[in-house]
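[1] Would you be able to build a 3D model of this:
(one chain, ligands or ions: 2)
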Amino acid sequence: MSSVNLMAREVAAKIVFYGPGLSGKTTTLRKVYETVRPAHRGEMMSIATEGDRTLFFDFLPVKVERVGDCSVRLALYTVPGQVFYNATRKLVLQGADGVVFVADSQEEAMDANRESLANLEENLFEHGIRLDRFPLVMQWNKRDLENVLPVDVLRHELNPRGVPDFETAASSGRGVLDTLKTITRLVIKDLRAKRIVPPPRPMPTAPAGLEAQLTQHLNRQTPPPAPPPVMAATGSVAPMIGPTPVPRVAPVVAMPPPRPEPVPVPAAAPPPAGKLLGPTSALAPGDLFDHARAAEAAFAGGDYSTCVTACTDAVRRAMAFAGEGTLAQQAFLLHVHGADLLRLMGLSTQPHLRVDDAAFALYVLMQVFVRLNAIGLPNAG
Ligand SMILES: Nc1nc2c(ncn2[C@@H]2O[C@H](COP(=O)(O)OP(=O)(O)OP(=O)(O)O)[C@@H](O)[C@H]2O)c(=O)[nH]1
Ligand SMILES: [Mg+2]
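    Ligands and ions are numbered 1, 2, ... in the order given. A predicted model of the protein is given here:
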């Protein structure tokens, strides 16, 4: 799903945290959320959860100002690790530019680790990608526990290719940012090798190294803010706003300022002031900000039909930025995945929609926004 705006030298890349159930993928993403400066990330969205378990995916947009002479937007996703959610894993993996494999270092988790790694290889292969040539970093998680295997054993069993690996304790955050920096670097290197990202321009003043530049924008010192909002719990979906409902502003990642006269949206009222906004509106171009907000408000309010309708409408409008033509032609031009689009259009004709249908609709809308952002549409002015 990588895309590049050559004029702005801006890269958008998708990184997926993969691994067996309970290995610490969601905890890792939460720690990234807590550690990265608010100005450089949007809100984290968890869709949907049951206790600790991810049922669909977690999503966190992060903006790294510069890597070399490119600015980088990262879309970080986790998959559900439980074996029976493979269809969802395949969907989330689609368009990934790199993977962090989060292994549980405990001895009793080795079978699950092996199984999950084989499953990753199989699912990538179905997308036409070979794992042994794909940007990959191994995260040996839960190193704070006592019954963990030595790293040499984990390497021997799970990392014969010798990709970069890190010992982490996601619950405390140890090693998490080093892992993220390394996968980001590998992804950019891979996109350069594929000539998707142009080679660096000679710089008149020598920039700091990649690590220094990433560190500059990923603030380790900031005390962790309140835990990120988690959308959804068993059965019902409602944003869990912390005990003190402190009003928070809209996330700032990838969101141009709204135009003075936004398109009116009749489908759903915008959320009341102080309600959290999600990553879809964070990614929306100004003209479609209100549409994205309406879709998120409907989702948060449990009105899944309205959410799907708002997403479908916003997707049609967003695709129209590609120019006149059929939806299929616009999708082709924007590199939007046709199967996702067909499924979304199919949903809008169904009478009873569930939380995962609405989540899927938001997911498709986010993908379209990411494409528009990378291409630089709609043109400013
Ligand atoms: N001790 C310790 N516990 C951890 C660590 N990372 C995660 N956990 C705990 O492990 C449990 C599962 O973590 P999650 O992050 O929800 O796991 P997950 O990989 O997202 O699981 P699925 O969503 O089911 O795939 C939680 O209770 C976490 O607090 C770690 O580094 N050390
Ligand atoms: Mg999870």
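[2] In the stretch 1-150 of the chain, where is pLDDT below threshold?
    1-9, 65-69 (pLDDT under 70).
[3] How about the contacts made by the residue in the stretch 51-200 of the chain that ligand 1 sits nearest to?
    Per CB to the nearest ligand atom, Gly81 is where the stretch 51-200 of the chain lies closest to ligand 1, at 2.7 Å. All C-beta spots, glycine's among them, are computed from the backbone N, C-alpha and C. Under the criterion of CB atoms under 8 Å, 6 or more residues apart in numbering, the contact partners of Gly81 comprise 19-23, 25, 54, 116.
[4] Helix, strand, or coil at it?
    coil (DSSP: H, G, I helix; E, B strand; the rest coil).
[5] Among the contacts of Gly81, which pair sits farthest apart?
    Spanning the widest gap among the contacts of Gly81 are Thr54 and Ser116, at 13.4 Å by CB to CB.
[6] Can you pull the residues of this protein lying near ligand 2?
    Residues of the chain that fall close to ligand 2, judged by CB under 5 Å from the ion: 25-26, 54.
[7] if I look at Gly325, how far off is ligand 2?
    39 Å (CB to the ion, to the nearest Å).
[8] can you confirm that residue is in a strand?
    No. Gly325 sits outside any strand when classified using three-state DSSP, being coil.
[9] List the contacts of it.
    Leu333.
[10] which parts of the helix or strand containing Ala331 are buried?
    Following DSSP states H and E, the helix or strand that holds Ala331 is helix 327-334. By 16 or more other CB atoms under 10 Å, the buried positions in helix 327-334 come out as 327, 330-331, 334.
[11] chain center to the top strand by length along the chain: distance?
    Longest strand of the chain, by residue count under DSSP state E: strand 53-67. How far strand 53-67 lies from its chain's middle: 3 Å, per CA atoms, centre = their mean, to the nearest Å.
[12] That one vs ligand 1: in contact?
    Yes. Under the criterion of CB under 6 Å from any ligand atom, strand 53-67 makes contact with ligand 1 via 53-54.
[13] ok, now stretch 117-137?
    No. Stretch 117-137 lies out of reach of ligand 1 by CB under 6 Å from any ligand atom, never closer than 12.1 Å.
[14] Span of that stretch from start to end?
    12 Å (CA to CA, to the nearest Å).
[15] Give me the buried positions along that stretch.
    117, 119-120, 123-124, 131, 134-137.
[16] List the residues that contact whichever residue of the stretch 101-250 of the chain sits closest to ligand 2.
    Residue nearest to ligand 2 within the stretch 101-250 of the chain: Val102 (9.5 Å; CB to the ion). Contact analysis of Val102 by CB under 8 Å, 6+ apart lists 17-19, 23-25, 28, 139, 141, 170.
[17] One more: Asn147?
    Contacts of Asn147 by CB under 8 Å, 6+ apart are 106-108.
[18] Same list (the residues you listed) but as a markdown table, adding secondary structure and neighbour count.
    Output for these, formatted as a markdown table (DSSP: H, G, I helix; E, B strand; the rest coil; neighbours: other CB atoms under 10 Å):
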| residue | secondary structure | neighbour count |
| --- | --- | --- |
| Gln106 | strand | 18 |
| Glu107 | helix | 10 |
| Glu108 | helix | 9 |
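[19] Which one of the residues you listed is nearest to Glu43?
    Distances from Glu43 to the contacts of Asn147, taken by CB to CB, are shortest for Gln106, at 31.4 Å.
[20] in the longest strand of the chain, what counts as buried?
    Result for strand 53-67 [16+ other CB under 10 Å]: buried residues 54-64, 66-67.
[21] which pair in the residues you listed spans the largest distance?
    Leu55 and Arg66 (35.9 Å).
[22] about what we covered before: okay, and which of the contacts of Gly81 map to strands?
    Thr54.
[23] thinking again about what came up before, nearest spatial neighbour of the residue of the stretch 51-200 of the chain closest to ligand 1, skipping sequence neighbours?
    Nearest in space to Gly81, with sequence neighbours left out and distances taken as CB to CB, 6 or more residues apart in numbering, is Gly21 at 3.5 Å.
[24] now the angle from the helix or strand hosting Phe360 to strand 53-67?
    Taking DSSP H and E as the definition, Phe360 sits inside helix 355-375. Taking axes from the mean of the first three to the mean of the last three CA atoms, to 10 degrees, one finds helix 355-375 and strand 53-67 inclined to each other by 10 degrees.
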